[in-house]
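Undergrad: Turn this into a model:
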Amino acid sequence: MSLRIGLVVGREWSFPPAFIEEVNRRGEGVVAEYVKLGGTSMNELVDYAVIIDRISHEVPYYRTYLKHAVLQGAVVVNNPFMWSSDDKLFDASLATRLGVASPRTVALPNKEYIAGIKHDESLRNLRYPLDWEAIVDYVGLPCILKDAHGGGWRDVYVCRTIEDLLEHYNASGQLTMVVQEFIEWDHFVRCLALGRRDVLPMKYDPRGRRYLVEHAHLSPELGRRVVDDSLTLMRGLGYDMCSLEWAIKDGVPYAIDFMNPAPDMDLYSLTPHYFEWAVQHMADMAIRFAREPRRPVDIRRGEFLLGRRDGADAWSDVEAPRGISVDTEVTEPPVRVADARL
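TA: Numbering: from 1, shown residues only. Sure thing, here's the model as predicted:
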């Protein structure tokens with residue numbers, strides 16, 4: 001009987017069929033398919049060894065099902081219980097605690113609240129007014145104001161004066177915003193990281209929102225640091241699928257956005273070259289997880305909260321980091337150059 005890998009997806013059209021075809025064509029006793037759901041009973045068994053989650057952040061019932069699947073012993077990529085950590089203050093604090101460079105960051109109280117919140121009763125824990133001078137002294141100018149839980153470059157503002165900062169903050173409504181040091185970068189990298197072992201550092205143009213296929217864009221030393229820091233963050237989070245953005249200034253990579261547990265894997269976004277890498281390595285990872293012995297979850301220790309990140313597993317199963325060669329040109333076959341060890 002074949003092991004089963006399930007895929008939970010939204011509107012994306014290029015990655016899902018390519019991934020399913022890649023897994024199924026290998027003939028390794030593992031079958032990939034779309035998960036089909038029509039209501040989930042309590043303590044219902046889950047037949048999937050692995051489930052790849054691409055859309056539960058937008059569909060609440062899917063998130064409910066995936067938490068149930070983790071409890072039943074399935075490996076869910078990414079663990080749905082870890083998604084709650086996805087905010088940009090936690091980003092910056094985690095990176096700092098792990099020794100990874102990150103922009104100075106301040107989380108701000110919401111400007112507006114839901115109906116029923118009475119400012120003089122419900123918000124007695126807040127200091128008012130905010131000390132904007134102290135905030136700006138800490139992060140510097142220019143600075144970035146952004147949604148603490150946002151993505152896709154939505155609600156992101158470059159503020160060059162306190163007046164700019166106040167204008168955009170006052171228009172932020174019920175969003176929780178952070179203000180962050182602006183890194184005047186001279187090189188920008190977006191990494192796709194999979195399975196806490198494979199890292200693909202891609203040159204990225206954040207202004208044009210596009211990847212640039214330039215394989216020698218990092219020196220070996222800088223490439224190694226970007227890969228190592230990416231793996232450090234992935235292991236700290238317990239993520240197996242993520243994109244991480246690095247703003248590089250004076251040879252130092254700053255982690256500016258790295259909680260993207262459903263990263264963009266569109267053919268036209270990644271370019272055909274990097275898309276092929278993503279499909280191949282996602283298939284490698286999912287098959288590897290599916291074939292690992294499935295063990296019961298010790299609910300008394302709360303193992304379902306950690307998913308695959310239980311104790312030594314977070315580190316001991318990691319092979320030497322693998323990423324795209326950063327100091328050589330592409331050699332044939334082109335899509336496998338990313339396997340070269342840095």
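Undergrad: contacts and neighbour counts: CA atoms only from here.
TA: Will do.
Undergrad: so where do the helices sit in the stretch 1-150 of the chain?
TA: Using DSSP state H, counting those that start in this stretch, the helices of the stretch 1-150 of the chain run over residues 15-25, 60-71, 88-97, 119-122, 132-139.
Undergrad: Buried ones in the third one, by neighbour count?
TA: Applying a neighbour-count criterion of 16 or more other C-alpha atoms under 10 Å, one finds 88, 89, 91, 92, 93, 94, 95 buried in helix 88-97.
Undergrad: Just name the closest of these to residue 24, please.
TA: Within the buried residues of helix 88-97, the smallest distance to residue 24 is 36.2 Å, found for residue 91 (C-alpha to C-alpha).
Undergrad: who's in contact with that closest one?
TA: Listed by C-alpha atoms under 8 Å, 6 or more residues apart in numbering, the contact set of residue 91 reads 257, 258, 259.
Undergrad: any chance of these in a markdown table, plus secondary structure?
TA: Compiled in a markdown table, those are given as follows (DSSP: H, G, I helix; E, B strand; the rest coil):
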| residue | secondary structure |
| --- | --- |
| 257 | strand |
| 258 | coil |
| 259 | coil |
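Undergrad: PyMOL command to pick out the buried ones of those?
TA: Applying 16+ other C-alpha under 10 Å to the contacts of residue 91, the buried members can be selected in PyMOL as follows:
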select buried, resi 257+258+259
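Undergrad: now the contacts of residue 91 in JSON lines, with pLDDT and distance to residue 15?
TA: Formatted as JSON lines, the contacts of residue 91 follow (pLDDT from 0 to 100; distance: C-alpha to C-alpha, whole Å):
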{"residue": "257", "pLDDT": "91", "distance to residue 15": "23"}
{"residue": "258", "pLDDT": "91", "distance to residue 15": "21"}
{"residue": "259", "pLDDT": "88", "distance to residue 15": "20"}
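Undergrad: Pick out whichever of the contacts of residue 91 sits closest to residue 79.
TA: For the contacts of residue 91, the nearest to residue 79 is residue 259 (12.7 Å; C-alpha to C-alpha).
Undergrad: What distance do you get for the residue nearest to the closest one when sequence neighbours are not counted to residue 180?
TA: Closest residue in space to residue 259, ignoring its immediate chain neighbours: residue 86 at 5.9 Å, by C-alpha to C-alpha, 6 or more residues apart in numbering. Residue 86 sits 16 Å away from residue 180, going by C-alpha to C-alpha, to the nearest Å.
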